[in-house]
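**Q** only the shape, not the letters, is given here:
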């Protein structure tokens, strides 16, 4: 079981299911974005029912509306995930190049919720990481810009990281 506590448009969750995850639970705090995710899952189920595909991704992925930290706090120990995935909104960019269109749309939708106070945003990210570390059975994976510091670097050190050309995935192994 994987919990994606910061689902956004659900691309990472879908890729996790495509890679073989038996169950992915997406959590999205914005009701509009969550409604889009739920509609996408409904359409995927309709498509899967009209084709002869043997893999039913719509049965592997679920979506819950709520703040990731609060959802994590509400989980009972018997429903703790094996892996928790976090992809918090990236910090403001210093580069002049525009972000991809889908991310521009997500930033526009969530713009009113964005925190302009860097300390408060950092504090919320650390709280989310703390809850993810508390509930995860095996690991927490955090997607970050390649040059950004790890979330809560003063207190939490990733066990290792996986680097791409523009992103880095910090992995915290649970002992």
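**A** Sure thing, it's come through. Being a predicted model, the structure only gives us computed values, none of them experimental.

**Q** CA only for contacts and neighbour counts going forward, please
**A** Will do.

**Q** helix/strand/coil for the residue in the chain sticking out farthest from the centre?
**A** For the chain, the C-alpha farthest from the mean C-alpha position belongs to residue 52; by Cα atoms, centre = their mean, that distance is 30.2 Å. Under DSSP: H, G, I helix; E, B strand; the rest coil, the three-state class of residue 52 is coil.

**Q** oh, and call the first residue 59 from now on, that's how I've got it
**A** Shifting the count to begin at 59 puts that one at residue 110.

**Q** from residue 73, how far out is it?
**A** Distance from residue 110 to residue 73, counting by Cα to Cα, to the nearest Å: 21 Å.

**Q** cool, residue 204 as well?
**A** Using Cα to Cα, residue 204 is found at 20 Å from residue 73.

**Q** what ranges does this protein have for its strands?
**A** Assigned by DSSP state E, the strands in the chain fall at 60-62, 82-86, 119-123, 141-144, 197-203, 218-221, 225-231.

**Q** so which of those comes closest to residue 106?
**A** Nearest of those to residue 106, taken as Cα to Cα: strand 119-123 at 13.3 Å.

**Q** quick one: list the elements packing against the closest one.
**A** helix 69-76, strand 82-86, helix 89-108 (3 or more Cα pairs under 8 Å, 6 or more residues apart in numbering; DSSP states H and E).

**Q** let's see it at 10 Å
**A** Judged by 3 or more Cα pairs under 10 Å, 6 or more residues apart in numbering; DSSP states H and E, the packing partners of strand 119-123 are strand 60-62, helix 69-76, strand 82-86, helix 89-108.

**Q** rewinding a little: would you turn the strands of the chain into TSV with mean pLDDT?
**A** Formatted as TSV, these follow (pLDDT from 0 to 100):
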stretch	mean pLDDT
strand 60-62	98
strand 82-86	98
strand 119-123	96
strand 141-144	98
strand 197-203	96
strand 218-221	97
strand 225-231	97
